[in-house]
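Visitor: Sequence plus the predicted model coming up.
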Amino acid sequence: MKHALIALALGGLISSGLAQAATGPELAKQYNCLACHSVDAKLVGPSYKQVAAKYKGQNVTAKLMQKVKTGGSGSFGAIPMSPNPQVPDADLKQLVTWILAQ
């Protein structure tokens, strides 16, 4: 009976959307990425379309995840990107995957 109640409760969370993972755009907003980046226009940093074009066909997810975590400069000009160590790896992977899909 206890397991049935837990399964019923989890099913309710999933169907209500409370247990759904955030999408790429939601994560970009949540972690304040949109303060410096946009999907299709250069702001302080490159657009996500520029990033996707630069790395098209390359296996760079892990590299870009590390770059977002630690920050850096030089890839798109002299303005450095601030480090973002607070972003959990699961969210970061989803975010980078979404960016590369632009």
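Guide: Good, I have the coordinates. Note that the coordinates shown come from a computational prediction; the quantities given were computed from them, not determined experimentally.
Visitor: Quick one: end-to-end length of stretch 36-47, please.
Guide: End-to-end distance for stretch 36-47: 9 Å, by C-alpha to C-alpha, to the nearest Å.
Visitor: buried set for that stretch?
Guide: Across stretch 36-47, burial judged by 16 or more other C-beta atoms under 10 Å covers His37, Ser38, Gly45, Pro46, Ser47. Quick note: C-beta positions are derived from backbone N, CA and C, even for glycine.
Visitor: which residues of the chain score low on pLDDT?
Guide: 1-19 (pLDDT under 70).
Visitor: 80 instead, please
Guide: Residues of the chain that meet the criterion pLDDT under 80 lie in 1-20.
Visitor: What ranges does it have for its strands?
Guide: Ranges of strands within the chain: none, based on DSSP state E.
Visitor: Which residues are in contact with Cys36?
Guide: Leu43, Val44, Gly45, Met81 (C-beta atoms under 8 Å, 6 or more residues apart in numbering).
Visitor: Ignore what I typed, I meant Leu27.
Guide: Cys33, Asp91, Gln94, Leu95, Trp98.
Visitor: Spit out the contact partners of the closest residue to Phe76 other than its chain neighbours.
Guide: Leaving aside its chain neighbours, Phe76 sits nearest to Pro46 (4.3 Å; criterion: C-beta to C-beta, 6 or more residues apart in numbering). Residues near Pro46 by C-beta under 8 Å, 6+ apart: His37, Lys54, Phe76.
Visitor: can you count the residues close to Thr70?
Guide: The number of residues packed near Thr70 is 12, by other C-beta atoms under 10 Å.
Visitor: returning to that earlier point: farthest-apart pair in the contacts of Leu27, please.
Guide: The span of these, defined through C-beta to C-beta, is set by Cys33 and Gln94 at 12.3 Å.
Visitor: More neighbours: the two, which one.
Guide: Looking at Cys33 and Gln94 with other C-beta under 10 Å, you find the greater number of neighbours at Cys33, namely 21 against 17.
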